[in-house]
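Enquirer: Next comes the sequence, and after it the predicted model I'd like to discuss.
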Number of protein chains: 2
Amino acid sequence: MKEFIEYILQFGSLNQQQIDLILKKADILELQKDEYFSEAGKVAQQVGFVLNGIVRVCYYNNKGEEITKYFIDENNLVVDLESFENEIQSTAYVQAITDTSIMVFSKKDWKELSNTIVGWDAIVHKVISRALMQKVERRSPQISEDATTRYLKFLEIYPNVVNRVPLSYVASYLGVTQSSLSRIRKNIS
Amino acid sequence: MKEFIEYILQFGSLNQQQIDLILKKADILELQKDEYFSEAGKVAQQVGFVLNGIVRVCYYNNKGEEITKYFIDENNLVVDLESFENEIQSTAYVQAITDTSIMVFSKKDWKELSNTIVGWDAIVHKVISRALMQKVERRSPQISEDATTRYLKFLEIYPNVVNRVPLSYVASYLGVTQSSLSRIRKNIS
DNA sequence: AAAATCATTTGCCATTTGACAAAAAGCGAT
DNA sequence: ATCGCTTTTTGTCAAATGGCAAATGATTTT
């Protein structure tokens, strides 16, 4: 779980005592391929940090198609913020797409860290706004690019994902059909 | 400037003395159509809140095309967060697309509010993460939809924008050519 | 190994969108 | 009203992508 500590130390400093406290509150959740970390219609109860494996956030659009909103791979936060913070029903599924280990904090423990560690809120704020900005910066430019460019950028952003997940997930992330993506890949190589 | 106070009171409480302090630090910036609030290559120095008018955030992609990342209309924050918080060069232009009044806080004043008002940071955190989540939620679904649907959703999200800005800005926001958007509009009505 | 199941590729054709150019419409200044 | 400028619409054709079904390939189960 060192990875998580390294991750948050990028955003602020913590002493050893504080680090120990954080680690004491964390649990490890092991998910098998296709299991859900959280589900649409439920209120997100945990903050997670992916230690191993890949997770995706997905939903069903009004045509019933399954859309992958984004992937979350190793050493990234996984939390349905809107649902977790406002205690409202989530609108998306968070699903392990490989066997996955996730470090998790319950809502209660997460709040206790906020009350116990001076500066914790500031760190969390930075972590979260950084993650959200990254999502915006990754998604926005894709809208004005063609499918091939979107795929090439996907490969840059998630170099460790493409060989570990079904093509259909990548296709729905990129907003193209599976057949189109298959042809695009043929044309690239 | 009541609008700004109403806006932030959605995210936390403030007493009258605190509200007066906030208002005392705010200035009004009047921009004419096509003037810039901030520019790529410079470090963002202000947090703004649009009182009247419409602003857009835009950049040039590697083909030299001008892309509109998003619009910001009345009663919304306008700040290049990445640049403002980390004091790095901005990658985007923020441009008034109608005559616009913006309530602005200098970086110095903004920090002073943080140091003076208990709970200010918590409010700002909520405001910012809400705004970022909104951007993600608006942008993500568009990638998997066709141009007509994207346009219809644009009309829902920005009901007050379409008649006040050039078609080309909307087209670059939606990731279609101006001609296509023109045809799409013809087919809808 | 064979069968069953699931994932990916391919073929065919329809539809959407892009590229480019020209025409039409809107708008401000005179 | 007219001119000059910008914005929007339209025409034509080409390229990209989608929809559907079949074929191929990969993986798991028996």
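Expert: Arrived safely. The structure displayed is predicted, hence computed values, not measured ones.
Enquirer: A:Y70 - how many residues pack around it?
Expert: Number of residues near A:Y70 (other C-beta atoms under 10 Å in any protein chain shown) recorded here: 19. Glycine gets a C-beta too; all of them are placed from N, C-alpha and C.
Enquirer: actually A:A92, not the one I typed
Expert: A:A92, neighbours per other C-beta under 10 Å, totals 22.
Enquirer: Phi first, then psi, for it.
Expert: A:A92 adopts backbone torsions of phi -140, psi 160, taken as degrees, to the nearest 10.
Enquirer: buried stuff in stretch A:28-42?
Expert: By 16 or more other C-beta atoms under 10 Å in any protein chain shown, the buried positions in stretch A:28-42 come out as A:29, A:31, A:37-38, A:40.
Enquirer: need the residues of chain A near DNA strand D, please.
Expert: With C-beta under 7 Å from any atom of the strand as the criterion, chain A meets DNA strand D at residues A:146-148, A:175-177, A:179-180, A:183-184.
Enquirer: out of the buried residues of stretch A:28-42, who's nearest B:Y158?
Expert: Nearest to B:Y158 among the buried residues of stretch A:28-42: A:A40, at 26.5 Å, using C-beta to C-beta.
Enquirer: re earlier: nearest to DNA strand C among the residues of chain A next to DNA strand D?
Expert: Using C-beta to the nearest atom of the strand, A:S179 comes nearest to DNA strand C of those, at 3.5 Å.
Enquirer: Which residues are in contact with the closest one?
Expert: Under the criterion of C-beta atoms under 8 Å, 6 or more residues apart in numbering or on different chains, A:S179 has no neighbours.
Enquirer: secondary structure class for it?
Expert: Secondary structure, DSSP: H, G, I helix; E, B strand; the rest coil: A:S179 is helix.
Enquirer: Name the helix or strand for the residue at the greatest distance from the centre of chain A, please.
Expert: Within chain A, the residue lying farthest from the chain centre (C-alpha atoms, centre = their mean) is A:N187, at 30.0 Å. In this assignment (DSSP states H and E), A:N187 forms part of helix A:178-188.
Enquirer: list the buried ones in that helix?
Expert: For helix A:178-188, by 16+ other C-beta under 10 Å, it's A:181, A:184.
Enquirer: Report the mean confidence score over it.
Expert: Averaging pLDDT along helix A:178-188 gives 96.
Enquirer: Could I get the buried residues of stretch A:28-42 in JSON lines, plus columns for pLDDT?
Expert: Output for those, formatted as JSON lines (pLDDT from 0 to 100):
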{"residue": "A:L29", "pLDDT": "97"}
{"residue": "A:L31", "pLDDT": "96"}
{"residue": "A:F37", "pLDDT": "96"}
{"residue": "A:S38", "pLDDT": "96"}
{"residue": "A:A40", "pLDDT": "96"}
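Enquirer: Can you spell out which helices and strands pack onto the helix or strand hosting A:F71?
Expert: Using DSSP H and E, A:F71 sits in strand A:66-72. In terms of contacts (3 or more C-beta pairs under 8 Å, 6 or more residues apart in numbering or on different chains; DSSP states H and E), strand A:66-72 is packed against strand A:55-60, helix A:120-139, helix A:167-174.
Enquirer: Run a quick neighbour tally on the residue nearest to A:A131 when sequence neighbours are not counted.
Expert: Spatially, and ignoring its direct neighbours in sequence, A:A131 is nearest to A:L77 (5.6 Å; C-beta to C-beta, 6 or more residues apart in numbering or on different chains). A total of 19 residues lie near A:L77 under the criterion other C-beta under 10 Å.
Enquirer: isn't A:L77 right next to A:V55, touching?
Expert: No. Judged on C-beta atoms under 8 Å, A:L77 makes no contact with A:V55 at a distance of 10.6 Å.
Enquirer: For stretch A:145-155, list every residue counted as buried.
Expert: Those would be A:145, A:147-151, A:154, for stretch A:145-155 by 16+ other C-beta under 10 Å.
Enquirer: before we move on, what about stretch A:107-119?
Expert: Under 16+ other C-beta under 10 Å, the buried positions of stretch A:107-119 are A:109-110, A:113, A:117.
Enquirer: Tabulate these (JSON lines), appending pLDDT.
Expert: Converted to JSON lines, the buried residues of stretch A:107-119 look like this (pLDDT from 0 to 100):
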{"residue": "A:D109", "pLDDT": "97"}
{"residue": "A:W110", "pLDDT": "97"}
{"residue": "A:L113", "pLDDT": "97"}
{"residue": "A:I117", "pLDDT": "96"}
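Enquirer: one step back: phi, psi of the residue nearest to A:A131?
Expert: Dihedral angles (degrees, to the nearest 10) for A:L77: phi -70, psi 140.
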